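Colleague: A structural model of the following input is requested.
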Amino acid sequence: MALALWVGGRKKLPFLKWEMNGDPGFDFGRIVVKQFHYPYYFRNIKVGNIRDKKEKKYGWHNNAKSKGELLNAYDRALAHGGYINHSILALEEAKTYIYNDDGSIGPACLVEESSAAKKTHGDRTMADALTIEDKYYKMRSKQETSETRGDMRTVAGRKAALKKRRAKPTGWRSSFDFRK
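Modeller: Sure, this is the predicted structure:
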């Protein structure tokens, strides 16, 4: 949380997206969401109902379908020049990804390994793929309205700005609250 505050300051906190599978991802997500009440984090969107709803589960969940979609989107982003990766090690690792006989995707060097060993590798590629923007991946963001944007040309925007100014804590002793 200190890094998020340092990078974004109090006004523009960064959007967090992490792989939820495994103990480190689950524990990290629980601390970020439940303990610190951090407001900007990734949640999957359920598609198919009248309204697309964000799931209550936080973090990106790795399964065969989502991994394939993410890596295909990462490949498109690299191929079309919309994403520049400066890490030679990560790019070398990404070049080795293949489809295995069982339909899973992973590094070619692990073809002879067990399925459990295949799942534990590829951290650089997956971390880089999770940083691509929404336009390459199938996620949809909430449309901005004049209230969320703070458009001063509308009554709603001016009213929201006034409400925000009045609710702002004053003084250096005010504690930081991620929920605002």
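Colleague: rest of the way, CA atoms for contacts and neighbours
Modeller: Will do.
Colleague: tell me the average confidence for the longest helix along the chain?
Modeller: Using DSSP state H, we find that the single longest helix of the chain is helix 64-79. For helix 64-79, the mean per-residue pLDDT is 86.
Colleague: Could you list the buried residues of it?
Modeller: Within helix 64-79, the residues that count as buried by 16 or more other CA atoms under 10 Å are 67, 68, 70, 71, 73, 74, 75, 77, 78.
Colleague: what comes up buried for the helix or strand just after it?
Modeller: Later in the chain than helix 64-79, the nearest helix or strand by DSSP states H and E is helix 88-95. Burial within helix 88-95, assessed by neighbour count using 16+ other CA under 10 Å, is assigned to 90, 93, 94.
Colleague: Which residue ranges make up each domain of this protein?
Modeller: Domain assignment for the chain by automatic domain parsing gives 1-61, 64-123.
Colleague: The last one: end-to-end distance?
Modeller: Distance between the boundary residues of domain 64-123 (CA to CA, to the nearest Å) amounts to 16 Å.
Colleague: Equivalent analysis for stretch 44-63, please.
Modeller: End-to-end span of stretch 44-63 (CA to CA): 13 Å.
Colleague: By mean pLDDT, point me to the weakest helix or strand of the protein.
Modeller: Ranking every helix and strand in the chain by mean pLDDT, DSSP states H and E puts helix 146-149 at the bottom, with a mean of 45.
Colleague: How much space separates residue 57 from residue 164?
Modeller: 29 Å.
Colleague: Oh, that last question was meant for residue 101, not what I typed.
Modeller: Residue 101 is 56 Å from residue 164, by CA to CA.
Colleague: Which one's more surrounded, those two?
Modeller: Each of residue 101 and residue 164 had its neighbours counted (other CA atoms under 10 Å), and the higher figure belongs to residue 164 (13 against 8).
Colleague: Am I right that that one sits in a helix?
Modeller: Yes - assignment of residue 164 by DSSP: H, G, I helix; E, B strand; the rest coil places it within a helix.
Colleague: what's the closest of the domains of the chain to residue 129?
Modeller: When the domains of the chain are compared by CA to CA, domain 64-123 sits nearest residue 129, at 5.3 Å.
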